[in-house]
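S.K.: For reference, the sequence and a predicted model appear below.
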Protein chains: 2
Amino acid sequence: MSTTARRRHGRIGEKLHDVLSARYHWWRCERCESAGEQTRLLLLEAAFREIHEQGFQAASLSRILKDTGVTKGALYHHFPNKQALGYAVVDEIIATTLRERWVKPMQEANDPIVTFITLLQEEGKQIDEEMVRLGCPLNNLSQEMSPIDAGFKSRLESIYDEWREAIAQALRRGQGHGQVRPSVNVEKAAIFIVASLEGCLGSAKVAQSIDVLHACGTGLIHYLKSLHT
Amino acid sequence: MSTTARRRHGRIGEKLHDVLSARYHWWRCERCESAGEQTRLLLLEAAFREIHEQGFQAASLSRILKDTGVTKGALYHHFPNKQALGYAVVDEIIATTLRERWVKPMQEANDPIVTFITLLQEEGKQIDEEMVRLGCPLNNLSQEMSPIDAGFKSRLESIYDEWREAIAQALRRGQGHGQVRPSVNVEKAAIFIVASLEGCLGSAKVAQSIDVLHACGTGLIHYLKSLHT
DNA sequence: GTTTATACATACCAATCGGTATGTTTGTCA
DNA sequence: TGACAAACATACCGATTGGTATGTATAAAC
């Protein structure tokens, strides 16, 4: 049985898609409509990791191919060029992850400040050394590509807008419920909250220290509490 | 008169070194001990700009040589490799600029909070569109190189440490003078101040908007005022 | 005037990059 | 069972990269 055949027909079953597709590229994904779609997702995830580790410009297609076992012909069958691969990573991985972890919880929040602090603490617990070293994928890509590529810039800016908007809306609802001081400019507050969160992740990355992350998080929490009535 | 000879002997006189060395590479710098030192500084400044615009890894030595009119032989006479050139940019340009603009003023501050807010506003005025597009050189280089190069990491981290230390010391003096609330943990506050300032610059860079920068600065000022007694 | 080190200048190199052209395998549908 | 398109696989390409080897001009010392 050839490697190619195994990649297309093999099955495992129960385990998580993310783990499998990252580790066993011969696993046939049930969620995928076709075998081609599976290869595409495999490439997307590998590209995400490569970009997270090296940055977009330094990300090597050859290395992605080596890591996945996919050939260059396959890659260029699914993506017209490196830029399109990068855009797909932003749209299909970074944007969706942020929506799931940060936007949705804020949209469903009863108390915006309590919710955000809880979110900070829960996400903070999940961050390991590897994550501290590499930093926030959204921030990394934004800082690198926004000034030099309009396609990246518009995509990444939309993500930030969505995030800030969710926070601002939640803060405004909080004002209605008497949880947030009426004098607070919710749009400006949202801008600062997102900026300082990214700043904290960046500081922790430079220091490669979870302690710095938590110390910085404390400051952000103090600011958030200062918005409370 | 050959280009080489003009570069070594030419003189102009009164004007500023920075402007001259950037525009007229044949100007003989009085501050420089030797003709070689002048070429070295010319390369350093060009490298700083190239790194600021492209990032370190994407920075092209060929482009630096093209911009300055210096040849490859001259570059490798002054710097053993690209990495050493990058380190020199950090040590001799980025570190000194930060000390001058942010560390010294805080060391000499009477009221740390008032001083920092004033500093924010004054530096904020000087930031033009080009600066918003390219972002903070210190932050850019830190985010790009810290995870992948120990030499960059230690240099950049030292700069941040020095900066935070100056802020923390100033806040502590402020506590002594009754200007800063005694309950404030000055080290953690300094970490958060630096982080959110860099975060604000990063947010403005992604949005390529001075408005975002000022909105974000407002948030930081609110936080700083919350430290006041 | 000769020597010597500094300060370049020119030509070249292997490695890697993103991208392309062309050939082959596979699943599907008639 | 044959046709056909989707899904790859292999080989190759020009451009650019950081780096090196070698040659030359200049200023200062003797």
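M.R.: Yep, it's here.
S.K.: my guess is A:Lys153 contacts B:Lys205, does it?
M.R.: No - contact status for A:Lys153 versus B:Lys205: not in contact, 9.8 Å apart, counting by Cβ atoms under 8 Å. (C-beta placed from N, C-alpha, C; glycine too.)
S.K.: More neighbours: these two, which one.
M.R.: The neighbour comparison of A:Lys153 against B:Lys205 (other Cβ atoms under 10 Å in any protein chain shown) goes to B:Lys205, with 24 against 18.
S.K.: Kindly confirm my reading that that one is in a strand.
M.R.: No - counting by DSSP: H, G, I helix; E, B strand; the rest coil, B:Lys205 is not found in a strand; it is helix.
S.K.: So whichever strand or helix holds A:Ala88, near chain B or not?
M.R.: Secondary structure assigned from DSSP states H and E places A:Ala88 in helix A:82-89. No - judged by Cβ under 8 Å from any Cβ of the partner chain, helix A:82-89 stays clear of chain B, getting no closer than 13.7 Å.
S.K.: In that helix, which residues are buried?
M.R.: Burial within helix A:82-89, assessed by neighbour count using 16 or more other Cβ atoms under 10 Å in any protein chain shown, is assigned to A:82, A:85-89.
S.K.: Could you dump these into JSON lines with pLDDT added?
M.R.: Written out in JSON lines, the entries for the buried residues of helix A:82-89 read as follows (pLDDT from 0 to 100):
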{"residue": "A:Lys82", "pLDDT": "98"}
{"residue": "A:Leu85", "pLDDT": "98"}
{"residue": "A:Gly86", "pLDDT": "98"}
{"residue": "A:Tyr87", "pLDDT": "98"}
{"residue": "A:Ala88", "pLDDT": "98"}
{"residue": "A:Val89", "pLDDT": "98"}
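S.K.: on that earlier part again, helices and strands around the helix holding A:Ala88, which ones?
M.R.: Packed against helix A:82-89 by the contact rule (3 or more Cβ pairs under 8 Å, 6 or more residues apart in numbering or on different chains; DSSP states H and E) you find helix A:35-54, helix A:150-176.
S.K.: hmm, try it at 10 Å
M.R.: If contacts are counted by 3 or more Cβ pairs under 10 Å, 6 or more residues apart in numbering or on different chains; DSSP states H and E, helix A:82-89 sits against helix A:35-54, helix A:61-68, helix A:72-78, helix A:137-145, helix A:150-176.
S.K.: Make TSV from those and add distance to A:Val103 and mean pLDDT to it.
M.R.: Supplementary listing: the helices and strands packed on helix A:82-89 in TSV, determined by distance: least, Cβ to Cβ, whole Å; pLDDT from 0 to 100:
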stretch	distance to A:Val103	mean pLDDT
helix A:35-54	19	94
helix A:61-68	28	97
helix A:72-78	28	97
helix A:137-145	12	98
helix A:150-176	5	98
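S.K.: okay, those helices, which one's buried deepest?
M.R.: Each of the helices and strands packed on helix A:82-89 was assessed for mean neighbour count using mean count of other Cβ atoms under 10 Å in any protein chain shown. The highest is helix A:137-145, with a mean of 24.
S.K.: which residue is nearest the centroid of chain A?
M.R.: For chain A, the residue whose C-alpha lies nearest the mean C-alpha position (Cα atoms, centre = their mean) is A:Ile94; its distance is 3.7 Å.
S.K.: Can you check what angle separates the helix holding A:Ala88 from helix A:137-145?
M.R.: Helix A:82-89 runs at 150 degrees relative to helix A:137-145, counting by axes from the mean of the first three to the mean of the last three Cα atoms, to 10 degrees.
S.K.: hmm, helix A:82-89 touching DNA strand C?
M.R.: Yes - legend: contact between helix A:82-89 and DNA strand C by Cβ under 7 Å from any atom of the strand is shown at A:82-83.
S.K.: so what secondary structure elements neighbour the helix or strand following that helix?
M.R.: Next in sequence after helix A:82-89, counting helices and strands by DSSP H and E, comes helix A:95-98. Contacts defined by 3+ Cβ pairs under 10 Å, 6+ apart place helix A:95-98 against helix A:137-145, helix A:150-176.
S.K.: what angle separates the first one from helix A:35-54?
M.R.: Regarding helix A:137-145 and helix A:35-54, their directions subtend 70 degrees when assessed with the same axes, to 10 degrees.
S.K.: and the angle for helix A:137-145 with helix A:150-176?
M.R.: Relative orientation of helix A:137-145 with respect to helix A:150-176: 130 degrees, computed using the same axes, to 10 degrees.
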